[in-house]
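Student: structure, please.
(chains A, B and C)
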Amino acid sequence: MELNLAAIIFVAILANNILLHQFLGVCPYMGVTKRIETSVGMGMAVIFVMTIAAIITWVIYNFLLVPFDLGYLRTIAFILVISSLVQLVEIVLKKTNPTLFRALGIYLPLITTNCAILGVAILNVQADHNIIQTIVYGIAAAIGFTIALVIMAGIRERLDLVNMSSMLQGAGVTLITAGLISMAFMGFSGIMTL
Amino acid sequence: MRDSLKMALTLLVIGAVCGGLLSVVNAITQPIIEKRSIEDLREAMGDFFPEMDAVEEREIDGEMYYEIFDAGGDFIGVVGEVTASGYGDEPIRYNLAVDSDGEVVGLRIDSHTETPGIGDIIEKEDFQSDIIGLSFDDPIALDQDVDTVSGATVTMRGMVSSIRRVVDTIGMEFLGLEVEVVEIDPADVDDGTYTGTGSGFADDVTVEVTVSGGEITDIVVVEHNDTQSYFEQAEAEMPGRIIEAQSLEVDTVTDATASSEGIIEAVNDALN
Amino acid sequence: MTTISQVFTKGIIAENPVFRLLLGLCPVLAVTMTAINGFGMGIAALFVLLCSNIVVSLIRGVVPPRVRIPAFILIIATFVTIVDLVLNAFAPGLHEALGIFIPLIVVNCMIMGRAEAFARKNTVGRSIVDALGMGIGFTLALTVLGIVREILGMGTAFGVDITGAAFEPMALFASPPGAFIALGILLLVFNLIIKRLGFE
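Tutor: Reported below is the predicted structural model:
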């Protein structure tokens, strides 16, 4: 069945948000959402890397692994590509665009272990996306990730000022808040389907 | 220099060992995985048709249909591996078994992302027993022979109209049955604009038909829920064909069969 | 030098990877709709952790420090693929339920973290104990969360009806938001227990 690009974008950003609905990338979600500034930085870095990673892994899978019947090497190939890609981006950015590097640099090493990147790469090949759908899905998923990150950071900045039990502070309340945001995002399901 | 050589060499050795190990594991597991998925399929088919002996595959509009034959080589039924669009983000995947008389004998939901506790009603006994036993000649429509469950309307509507479509496809493609289109002579219809619905690929198709001077002069699609890229092919061709022929006995658009038939059915409904 | 029993128990309580260190939360939230899936995921991760800890510990001193990270990634990815293939062949139901989270064990920070922080500096024996402690702690956390969600969301535990007909299951806990909320509340409970028992 042919997939509608608008539906891919809508579902990836809102209805099926990669973080709030599919639970990919929860570690940075807990880690970098203390301040809006850092969460925007992380979001930008993810959009950048996720899009490139989605394209490269798609090419490798369809032109290298599938023709040689090496589908079972998918996980190992993807994670190697992603970690080398992150290193490469780091080096290239440092040399060519120091401003951008200063903005994104500290988030890059964290991205290798962000399962959203590997997750999107795998979802793309599992869903048999073509290259256009792959790019669109990569960007949309990353935007959805960023939105979830920024909303959370906005709430957590306020939560810091609230008086609450030390048992709940930090991770506990963050998770419960995430649950409430996720519930709100559930309202988007059913509007458009793939 | 010696250092980087050593680094490269270490990684190479580790990579080679890992690759070798994986190819061994893969060689062992691959045949088991393949054998199992074939067995799973046979088992699923066998549940519907215990006397199954041979299976033949056929793809129609991007979905797989399996023709089932018994030990004597007689055709006993068809199982469709099909999808319906419901409320969830992913389509509902299910198997529908129809026997050679056009009667639904089995329904198995493969996967769905409907809301737990609401949309998963389709997996429940009540819904399944509503569906099983219906046949090609029944309406197979909500509130007629299938009960609507409040709160799960979207799921139910998607599922029931999909079942109607699959039963139609199986009936026409495998059993040689015809959808009963009562041929209407536009000359017998009073001038005016009529609305009617038919079932397309995913859901109902609604059209407005204008009749003037005993001729169909205009057909406009008011609403549909089919995949746009397919439906627009049907929408571009079908009204023109029907108006030109002044009849519903027109060819459907290849690749958009279900949507085309939905339009024909809707026009027929409008004129009745 | 910590004793061998301390190496084992710290992973289960004081440094529980899920409740205390918040490592590898993605699968924790995603697959715990039922207790059995949570348990299966825990065992799969435990297996990968155990194997990777053993191998990393075996090759310590052989691998030049500067390429240790790619080497660890290779080793972990290999075991993850083995788990993926074996589950697909012998436990297809579980394989389908865990889905994409099996290959994603590769980026579970817990496994990389133990390789980096423990196995590459310790003997094979101690690394095995460390992996068992951490892996069991992870499995326990997943199973507990799975049981809680399954009881609240479906009224069953490991597929057995335990609440009876009088209890109306709360579908929320079977859905994604319920995962976040249930884990948040469990963290609170775990923190309270730790404090009462005086582990810190």
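Student: and B:Glu249, how many neighbours?
Tutor: 10 (other CB atoms under 10 Å in any protein chain shown). For the C-beta atoms, the positions are set from N, CA and C on the backbone; glycine is no exception.
Student: what pLDDT does it get?
Tutor: Note on B:Glu249: pLDDT of 77.
Student: any idea which helix or strand carries it?
Tutor: Using DSSP states H and E, B:Glu249 maps to neither a helix nor a strand.
Student: and it, how far is that from chain A?
Tutor: Going from B:Glu249 to chain A by CB to the nearest CB, to the nearest Å gives 29 Å.
Student: the lengthiest helix in chain B and chain A, are they touching?
Tutor: The residue-count maximum for a helix in chain B (DSSP state H) belongs to helix B:2-48. Yes: in terms of CB under 8 Å from any CB of the partner chain, part of helix B:2-48 sits within range of chain A, namely B:18-19, B:22, B:26, B:30.
Student: what residue ranges in chain C are flagged as low confidence?
Tutor: C:1, C:199-200 (pLDDT under 70).
Student: run through the helices of it in chain order.
Tutor: C:4-12, C:25-30, C:35-58, C:68-90, C:92-98, C:109-117, C:124-154, C:176-197.
Student: of those, flag the one that's most buried.
Tutor: Comparing the helices of chain C by mean neighbour count (mean count of other CB atoms under 10 Å in any protein chain shown), helix C:25-30 comes out on top with a mean of 26.
Student: re earlier: show me what the longest helix of chain B is packed against.
Tutor: strand B:52-60, strand B:63-70, strand B:75-84, strand B:92-99, strand B:104-111, helix C:68-90 (3 or more CB pairs under 8 Å, 6 or more residues apart in numbering or on different chains; DSSP states H and E).
Student: so how far is it off the chain centroid?
Tutor: 34 Å (CA atoms, centre = their mean, to the nearest Å).
Student: if we can go back for a sec, to chain A, which of the helices and strands packed on helix B:2-48 lies closest?
Tutor: Proximity to chain A (CB to the nearest CB) singles out helix C:68-90 among those, at 3.9 Å.
Student: got the angle between the closest one and helix B:2-48?
Tutor: 20 degrees (axes from the mean of the first three to the mean of the last three CA atoms, to 10 degrees).
Student: tell me the mean pLDDT over the longest helix of chain B?
Tutor: 82.
Student: and the residue lying closest to B:Asp47 once chain neighbours are set aside, how far from B:Gly133?
Tutor: In this structure, B:Asp47 finds its nearest non-sequential neighbour in B:Gly106, 6.8 Å apart by CB to CB, 6 or more residues apart in numbering or on different chains. Going from B:Gly106 to B:Gly133 by CB to CB, to the nearest Å gives 11 Å.
Student: ok, B:Glu59 next?
Tutor: Taken as CB to CB, the span from B:Glu59 to B:Gly133 is 28 Å.
Student: for C:Lys10, same thing?
Tutor: 61 Å.
Student: for A:Ser166, same thing?
Tutor: For A:Ser166, the distance to B:Gly133 - CB to CB - is 62 Å.
Student: same thing with A:Gly187?
Tutor: From A:Gly187 to B:Gly133 the distance is 37 Å (CB to CB).
Student: cool, A:Val66 as well?
Tutor: With CB to CB as the criterion, A:Val66 and B:Gly133 are 44 Å apart.
Student: nearest residue to the middle of chain C?
Tutor: By CA atoms, centre = their mean, chain C has its centre lying nearest to C:Phe138, at 3.2 Å.
Student: list the contacts of that one.
Tutor: C:Phe138 makes contact with C:11, C:16-18, C:24, C:42, C:45-46, C:49, C:110, according to CB atoms under 8 Å, 6 or more residues apart in numbering or on different chains.
Student: burial count for the residue in chain C positioned nearest to chain B?
Tutor: Closest to chain B within chain C is C:Ala171: 3.1 Å, counting by CB to the nearest CB. Number of residues near C:Ala171 (other CB under 10 Å) recorded here: 16.
Student: and after the longest helix seen in chain A, which helix or strand comes next?
Tutor: Ordering each helix of chain A by length in residues (DSSP H) puts helix A:131-159 first. Next in sequence after helix A:131-159, counting helices and strands by DSSP H and E, comes helix A:171-186.
Student: next, the angle helix C:176-197 makes with that following helix.
Tutor: For helix A:171-186 against helix C:176-197, the angle by the same axes, to 10 degrees is 170 degrees.
Student: and helix A:171-186, how far out from the chain's middle?
Tutor: 17 Å.
Student: list the buried residues for that helix?
Tutor: A:171-179, A:181-183, A:185-186 (16 or more other CB atoms under 10 Å in any protein chain shown).
Student: a markdown table for those, including distance to chain C and pLDDT?
Tutor: Formatted as a markdown table, the buried residues of helix A:171-186 follow (distance: CB to the nearest CB, whole Å; pLDDT from 0 to 100):
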| residue | distance to chain C | pLDDT |
| --- | --- | --- |
| A:Ala171 | 5 | 82 |
| A:Gly172 | 4 | 85 |
| A:Val173 | 7 | 88 |
| A:Thr174 | 8 | 88 |
| A:Leu175 | 3 | 90 |
| A:Ile176 | 4 | 90 |
| A:Thr177 | 8 | 91 |
| A:Ala178 | 4 | 91 |
| A:Gly179 | 3 | 91 |
| A:Ile181 | 8 | 92 |
| A:Ser182 | 4 | 91 |
| A:Met183 | 4 | 89 |
| A:Phe185 | 8 | 88 |
| A:Met186 | 6 | 84 |
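Student: of these, closest to chain B?
Tutor: A:Met186 (8.4 Å).
Student: what sits closest to that closest one if chain neighbours are left out?
Tutor: C:Pro177 (6.5 Å).
Student: contacts only, for that neighbour.
Tutor: Contacts of C:Pro177 by CB under 8 Å, 6+ apart are A:20, A:179-180, A:182-183, A:186.
Student: do the same with B:Asp218
Tutor: Applying CB under 8 Å, 6+ apart, the residues near B:Asp218 are B:208-210, B:239, B:243.
Student: scan those and report the most crowded one.
Tutor: B:Val209 (25 neighbours).
Student: can you list the strands that the helix or strand harbouring it pairs with?
Tutor: Taking DSSP H and E as the definition, B:Val209 sits inside strand B:204-212. In the sheet containing strand B:204-212, its partner strands are strand B:192-199 (antiparallel), strand B:215-223 (antiparallel), by DSSP bridges.
Student: could you dump it to PDB, C-alpha only?
Tutor: Only the C-alpha atoms of strand B:204-212 are listed here, as PDB (Å, rounded to 0.1, in the frame of the first residue of the first chain):
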ATOM      1  CA  ASP B 204     -17.900   4.000   2.500                       C
ATOM      2  CA  VAL B 205     -17.900   6.100  -0.600                       C
ATOM      3  CA  THR B 206     -20.600   8.800  -0.900                       C
ATOM      4  CA  VAL B 207     -21.600  10.300  -4.200                       C
ATOM      5  CA  GLU B 208     -24.100  12.800  -5.500                       C
ATOM      6  CA  VAL B 209     -25.700  12.000  -8.800                       C
ATOM      7  CA  THR B 210     -27.500  14.600 -10.900                       C
ATOM      8  CA  VAL B 211     -30.200  13.300 -13.300                       C
ATOM      9  CA  SER B 212     -31.800  15.700 -15.800                       C
END
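Student: how about B:Arg58, nearest residue that isn't a chain neighbour?
Tutor: B:Tyr65 (5.0 Å).
Student: shouldn't C:Val80 be in contact with A:Leu73?
Tutor: No: taking contacts as CB atoms under 8 Å, C:Val80 lies outside contact range of A:Leu73: 11.6 Å.
Student: what about B:Arg108, distance to chain C?
Tutor: B:Arg108 is 15 Å from chain C, by CB to the nearest CB.
Student: how many residues are close by the nearest residue to that residue once chain neighbours are set aside?
Tutor: Spatial nearest neighbour of B:Arg108, chain neighbours left out: B:Asn95 (4.6 Å); criterion: CB to CB, 6+ apart. When neighbours are defined as other CB under 10 Å, B:Asn95 has 21 of them.
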